[in-house]
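K.L.:
Generate a structure from the sequence data that follows.
(2 chains)
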Amino acid sequence: DRQTLAAVLQFLRRSNLRESEEILRREARLLGDDLGAAALSPAGAGLQVGAGGDADSAGGDALLGRVTAASASAVGGNVAAVASSSPGLLLYANVFAVGGGVVVEDQPDVSAVLSAYNQQGDPTLYEEYYSGLKHFIECSLDCHRAELSQLFYPLFVHMYLELVYNQHESEAKSFFERFHGDQECYYQDDLRVLSSLTKKEHMKGNETMLDFRTSKFVLRISRDSYQLLKRHLQEKQNNQIWNIVQEHLYIDIFDGMPRSKQQIDAMVGSLAGEAKREANKAKVFFGLLKEPEFDVPLDDEDEEGENEEGKPKKKKPKKDSAGSKSKKQDPNAPPQNRIPLPELKDSDKLDKVMNMKEAARRVRLGPECLPSICFYTFLNAYQGLTAVDITDDSSMIVGGFADSTVRVWSVTPKKLRSVKTAADLSLIDKESDDVLERIMDEKTASELKILYGHSGPVYGTSFSPDRNYLLSCSEDGTVRLWSLQTFTCLVGYKGHNYPVWDTQFSPYGYYFVSGGHDRVARLWATDHYQPLRIFAGHLADVTCTRFHPNSNYIATGSADRTVRLWDVLNGNCVRIFTGHKGPIHSLAFSPNGRFLATGATDGRVLLWDIGHGLMVGELKGHTDTIYALRFSRDGEILASGSMDNTVRLWDAVKAFEDLETDDFTTATGHINLPENSQDLLLGTYMTKSTPVIHLHFTRRNLLLAAGAYSSQ
Amino acid sequence: MEPAKMASPKSAPKDAQVMAQILKDMGITEYEPRVINQMLEFAYRYVTTILEDAKIYSSHAKKPSVDADDVRLAIQCRTDQSFTSPPPRDFLLDIARQKNQAPLPLIKPYAGPRLPPDRYCLTAPNYRLKALQKKVSSTAGRITVPRLSVGAVSSRPSTPTLGTPSAQTVSVSAKVGTPVSLTGQRFTVQIPSSQAAKAATPTTPTVQNVLINPSLIGPKNILITTNMVSSQSAASEPNSLKRKHEDDDDYDNL
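P.N.:
Okay, here's the model as predicted:
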């Protein structure tokens, strides 16, 4: 079995047994096809794994130099080796039960194979084990109890799933009945799904639960509490549950004070437990790319026309202040050429000039100067409005609908024009100065253009920064690129074969990201029909995807209640943020690139420091799913829009100042969140029964919001 | 299942009440009343499909009656067909690793609209225009209208309907008759301005109207006339009317 062989090799590699690995590899190549026919009997159900983490090293020693002998040898700790029918292979299938884990990044995931061999303990006694552990934890000291209570949920689910997977249906049902009420309230949705899974066949289609079963739930426990637990479980009668704990949980130990219930509650909630501390240690270049320096002509009342760059003027042209401020490289910013980015075209340069002119007139927001909010209500959408986007210069708004249409409106008095047909194009004067105006067709100009093409509800839309293209992703599994000059569909990108929930263009154009039901996010370029990067790792659907302002990182929020940050360059997951108690539906990067705000169905907005990988704030106030989050143009205000028909404004400056970043915090990731949601809330604005699904700050810091009126 | 506690009207059939209870158990508290009808229809359709399949399997195995194994097999086969699930995690991690190893491709500067090769775009015309006068063509040999498949014709992406107005030569490929992809050939569709028409009509009388026929044209121009162009001579009017009739017949022959 190729898979099992891969599992063996992986184990050997991980135990640093180079020689055995080489020998086995050589043998494997010699035997070749024999392996395929080899019948591998699973390790006996009754085998016990040695105590503690010592089993790994003990088993490893025994493997040295014993590959050729087809004999079973007991290794201190009662590990039995099972020989396959083809001589020369020793398989320690049960040892893998201890060592087998999910390493997300580079190793082939063989836990699926390993899970087939696992059978820990007697199914009828599972209730005993669980209640025994429960009793122990409830009798432990207060300071340890909060931490040890984290064990309840993952153990409960894993034990239940194991009973179901091994087809002990009645035991599973009674186990569930007895203990499901003890779990935390925020796990109720998961428990409801679990209650419907009673047979092995039910599990087959549920990829999320299968992944959960084969991955290790991560718990962060202080060393003291862990010692306590270990001592208790290693007693003779608790051996079974110790095996189960070892098999299904990954306990990330930290040195320090045990955490309080409040601290723990803030960080738990995801389907995979918390994030290991090492998962958030990679260096992330969260700085912004340098803007190209060029002269901005001073805006003068009598001189409206744009000047060529470098043309001498009487008044000294104002230099681009952002670029020229510091000549030296920001250490946190990625090198300019870290990822290839499209070059700046003339039209882009003109756009930047316009941007800077608008920026000069921007309103400085703050607690005493709140933005005005202009709300665009979609009427008669009959609950069919599923996606909205607004261009950066706020000139066009697009709506994606459940009837598979994509509708583009012009927000300004300027109508939407498409390029003339070839017949008319041949008639125009190509040498005239305003040829770009002349190629546009006046006869079919309208405020609304409808784009047909998708065969399912459109769940995500995104304008390109240069306003030439529009992306839309749909339940039919495709992402479509539309031209906004001809209002026709150009390309259909097929890759996800399942509904695509969100898509977004990169801030520099050319790249775009999409995330869908198949639990991956994909990075595409407009001129490649296949994705360039695949970001796999989430346990459930990817519901929200956003680019970092420097286009080097992508944040994905998922239904498994985690937010992951991925590196575009090599596809690695560089950050995992847990803490939400429901699927994440909105993400927003701060304009300076240092912070990330996330909103989920639990109604909380969480703020994260990307550089340190820590949660730095929690904004409570909304009572329903948050579908829209946006920072103002200079990052002073965070606006959130929710299904509870309100838009709330939060003080971002205050939320991000005074961060504790001492050594302890960075080492352990624990932070004491201040209960300051009320202080940070600057205003709550109710709509007339219109859920808010999109927010957009114009270049002058006027807040635009969009939603569809729903009569109930 | 107590009818008194149901939200549905008292006269709802038992199945509907069961369905409402299922929805409640799964935590769905707000739903439109039509949802229950939809779910019941789906349940009925699914169960009848499975049972029909099971009957077929059982009769194939020459069993006297349908038993649980037949039903299990039927469910299994249908699941692989209709209710596919996304790929498993290890598979995704594997292909992700392969894809992510390749470095990001460099971006060519000044490349115009950055789109995939035309084969993968939706910018080709998804229609073809056919010959009209088949009888006249017998002298010139069989006019084979090569089949254009969608996406097969290379054309400028920005003008999906008609090509550039300038006249261009056409390269002829040997395999005209086969409905094979015609990438590499350029079909420019020209609206006859008055000058061009004069030049073209004496040389190729057969291709006066709607024709795409590289084997005959060779280095000559291809002309396509459409109804839209007002500069069309009156002669084309009866032809265009004729075209509408012949379209239905010719479609089968081709």
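K.L.:
average model confidence for stretch B:38-57?
P.N.:
In this model, stretch B:38-57 has a mean pLDDT of 95.
K.L.:
which other residues reach it?
P.N.:
Outside stretch B:38-57, the residues that touch it by CB atoms under 8 Å, 6 or more residues apart in numbering or on different chains are B:15-16, B:19, B:22-23, B:66, B:70-71, B:73-75, B:77-78. Bear in mind the C-beta positions are built from the backbone N, C-alpha and C, glycine included.
K.L.:
Only the buried residues of that stretch, if you could.
P.N.:
For stretch B:38-57, a neighbour-count test (16 or more other CB atoms under 10 Å in any protein chain shown) marks B:39, B:50, B:53-54, B:57 as buried.
K.L.:
what's the answer for stretch A:468-485, then?
P.N.:
A:469-485.
K.L.:
Run the chain-centre distance for it.
P.N.:
22 Å (CA atoms, centre = their mean, to the nearest Å).
K.L.:
tell me how far the ends of it are from each other?
P.N.:
End-to-end distance of stretch A:468-485: 6 Å, with CA to CA, to the nearest Å as the criterion.
K.L.:
quick one: is that stretch near chain B?
P.N.:
Yes. Against chain B, stretch A:468-485 shows contacts by CB under 8 Å from any CB of the partner chain at A:468, A:481, A:483, A:485.
K.L.:
The first one contacts A:Gln485, doesn't it?
P.N.:
Yes. At 6.3 Å, A:Asn468 counts as touching A:Gln485 under the criterion of CB atoms under 8 Å.
K.L.:
biggest separation within the residues of stretch A:468-485 next to chain B, which pair?
P.N.:
Farthest-apart pair in the residues of stretch A:468-485 next to chain B is A:Leu481 and A:Gln485; separation 12.4 Å (CB to CB).
K.L.:
A:Asp466: how many residues sit nearby?
P.N.:
Residues within reach of A:Asp466, counting by other CB atoms under 10 Å in any protein chain shown, total 18.
K.L.:
Please disregard the earlier target; I meant A:Arg700.
P.N.:
With other CB under 10 Å as criterion, A:Arg700 counts 14.
K.L.:
How about it: what's its closest non-neighbour residue?
P.N.:
For A:Arg700, ignoring the flanking residues on the chain, the nearest one in space by CB to CB, 6 or more residues apart in numbering or on different chains is A:Arg362 at 5.1 Å.
K.L.:
That neighbour - how many residues pack around it?
P.N.:
The burial count for A:Arg362: 16, using other CB under 10 Å.
K.L.:
Ok, A:Asp624 next?
P.N.:
Neighbours around A:Asp624, by other CB under 10 Å: 14.
K.L.:
Could you verify my assumption that it touches A:Ser642?
P.N.:
Yes. Counting by CB under 8 Å, A:Ser642 is a contact partner of A:Asp624 at 5.3 Å.
K.L.:
anything in contact with each of the two?
P.N.:
A:603, A:691.
K.L.:
so which of the contacts of stretch B:38-57 would you say is closest to A:Cys544?
P.N.:
B:Leu23 (27.0 Å).
K.L.:
What confidence value was assigned to the closest residue to chain A within chain B?
P.N.:
Proximity of chain B to chain A (CB to the nearest CB) peaks at B:Asn100, 3.1 Å away. Note on B:Asn100: pLDDT of 95.
K.L.:
ok but it is inside a strand, no?
P.N.:
No. Under DSSP: H, G, I helix; E, B strand; the rest coil, B:Asn100 falls outside any strand and is assigned helix.
K.L.:
I figured it hits A:Gly571, correct?
P.N.:
Yes. Contact criterion CB under 8 Å: B:Asn100 and A:Gly571 qualify, at 3.1 Å.
K.L.:
so what sits against both of these two?
P.N.:
Contacts common to B:Asn100 and A:Gly571, judged by CB under 8 Å, 6+ apart, are A:533-534.
K.L.:
now, which of the residues of stretch A:468-485 next to chain B sits nearest A:Thr698?
P.N.:
Checking the residues of stretch A:468-485 next to chain B one by one against A:Thr698 (CB to CB), the nearest turns out to be A:Asn468, at 20.2 Å.
K.L.:
Secondary structure element holding the residue most central in space within chain A?
P.N.:
By CA atoms, centre = their mean, chain A has its centre lying nearest to A:Thr556, at 2.8 Å. Using DSSP states H and E, A:Thr556 maps to strand A:553-558.
K.L.:
cool, and A:Val408?
P.N.:
Using DSSP H and E, A:Val408 falls in strand A:406-410.
K.L.:
Show me what that strand is packed against.
P.N.:
strand A:396-401, strand A:448-451, strand A:469-474 (3 or more CB pairs under 8 Å, 6 or more residues apart in numbering or on different chains; DSSP states H and E).
K.L.:
Which strands or helices does the shortest one pack on?
P.N.:
Using 3+ CB pairs under 8 Å, 6+ apart as the contact criterion, the elements in contact with strand A:448-451 are strand A:406-410.
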